[in-house]
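[1] I'll drop the sequence and a predicted model, then ask my questions.
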Number of protein chains: 2
Amino acid sequence: MRPLRHPSPDEITLHGILHALADPTRLAIVAALKEQERCVPPDGGDGINCVETMERVKQSLPKSTCSQHFLILREAGLIRSERRGVELFSRLRCRELNERFPGLLQSILSAHAASAPVEAAPVKE
Amino acid sequence: MRPLRHPSPDEITLHGILHALADPTRLAIVAALKEQERCVPPDGGDGINCVETMERVKQSLPKSTCSQHFLILREAGLIRSERRGVELFSRLRCRELNERFPGLLQSILSAHAASAPVEAAPVKE
DNA sequence: TCTGTTGTTCCTTTTTCCTGAACTTAGGCC
DNA sequence: GGCCTAAGTTCAGGAAAAAGGAACAACAGA
């Protein structure tokens, strides 16, 4: 099991971020982590593990696919992950991202929220 | 030669935009069109053709590849293209994009400008 | 009409992505 | 300890997407 690699702020590239967020699943994961951060300030508590995250995202994907998605998000510098026991807890690197590319993550997540409204407000029948 | 298809504002998706801009060449094209718009207000004049755009981007790619890039940008709703004679003139759909996803394009282009400074200001030796 | 330029379409090669299967790691239970 | 289970990881195969060459279409100008 190789160690978790996290890029330093100046190693984070715009291309890496856009590529990571261009995938709907990964964007949903990031949105879920952001929501967690909003609910459990400061700094989103201790993060969420992969299973819990995928449940919130309401997608059931093979474990290998999830692992890849989290790897890409981590290497893009979007999330910081930490192994605790057998689990992997991740959270957004909001502060660093906002210093590196001010407003970028916020505007993408706003656009995401606008185009994919929360399912907590479903259409009544 | 099939007609040029442009999505209406509400057909424009965040995923389409992020996917289109996740490619370095396409991001550079969009940045070049934005720069054109800045130099020739309002609305960037009549647009730039593909050859001229690729020259500003300082990339020499096969024509087929360029054609594909412009197609993807167009179908994502980022640019509006128009055939005039044998040429294809394109320009950014700034206004519509900003109404659809406020601040999104601006923050991406700002991040791009920050991470890839213009080569007009090279490091002195 | 002929020629050169611009861009498109098609098709093949290359690259990237997805996923099932086997594996690693850690915790719980007897 | 031995065994089992759950959470992720790694790897290899096939599927999907992107890149690029070649032939083509459309127009302008001589």
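    Everything's here; your move.
[2] Can you verify A:Arg91 is assigned to a strand?
    Yes - A:Arg91 sits within a strand when classified using DSSP: H, G, I helix; E, B strand; the rest coil.
[3] for chain A, what's the longest helix?
    helix A:24-39 (DSSP state H).
[4] That helix vs DNA strand D: in contact?
    No - using C-beta under 7 Å from any atom of the strand, helix A:24-39 stays clear of DNA strand D, coming no nearer than 12.1 Å. All C-beta atoms are positioned from the backbone trio N, CA, C, and that covers glycine.
[5] Check what pLDDT A:Gly103 gets.
    Per-residue pLDDT puts A:Gly103 at 97.
[6] Looks like A:Ala76 contacts A:Ile12 (just checking).
    Yes - A:Ala76 is in contact with A:Ile12 according to C-beta atoms under 8 Å; the separation is 7.1 Å.
[7] re the thing from before, flag every buried residue along the helix or strand that the longest helix of chain A is followed by.
    Per DSSP states H and E, helix A:24-39 leads on to helix A:50-57 as the next helix or strand towards the C-terminus. Using 16 or more other C-beta atoms under 10 Å in any protein chain shown as the test for burial, helix A:50-57 gives A:50, A:53-54, A:56-57.
[8] Turn those into TSV, columns for distance to chain B and pLDDT.
    Formatted as TSV, those follow (distance: C-beta to the nearest C-beta, whole Å; pLDDT from 0 to 100):
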residue	distance to chain B	pLDDT
A:Cys50	22	97
A:Thr53	19	97
A:Met54	19	97
A:Arg56	19	95
A:Val57	15	95
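[9] from these, which are also near DNA strand D?
    A:Cys50.
[10] ok, the buried residues of helix A:50-57 vs B:Ala22, which is closest?
    Set against B:Ala22, the nearest of those by C-beta to C-beta is A:Val57 (20.2 Å).
[11] Just give the nearest non-adjacent residue to that closest one, would you?
    A:Ala28 (4.5 Å; C-beta to C-beta, 6 or more residues apart in numbering or on different chains).
[12] Neighbours of the one you found, how many?
    Residues lying near A:Ala28 (other C-beta atoms under 10 Å in any protein chain shown) number 19.
[13] The one 4 residues further on now?
    With neighbours defined by other C-beta under 10 Å, the count for A:Ala32 comes to 19.
[14] Tell me the spacing between the nearest residue to it once chain neighbours are set aside and DNA strand D.
    Of all residues not flanking A:Ala32 in the chain, A:Arg56 sits nearest, at 4.5 Å (C-beta to C-beta, 6+ apart). According to C-beta to the nearest atom of the strand, to the nearest Å, A:Arg56 stands 12 Å off from DNA strand D.
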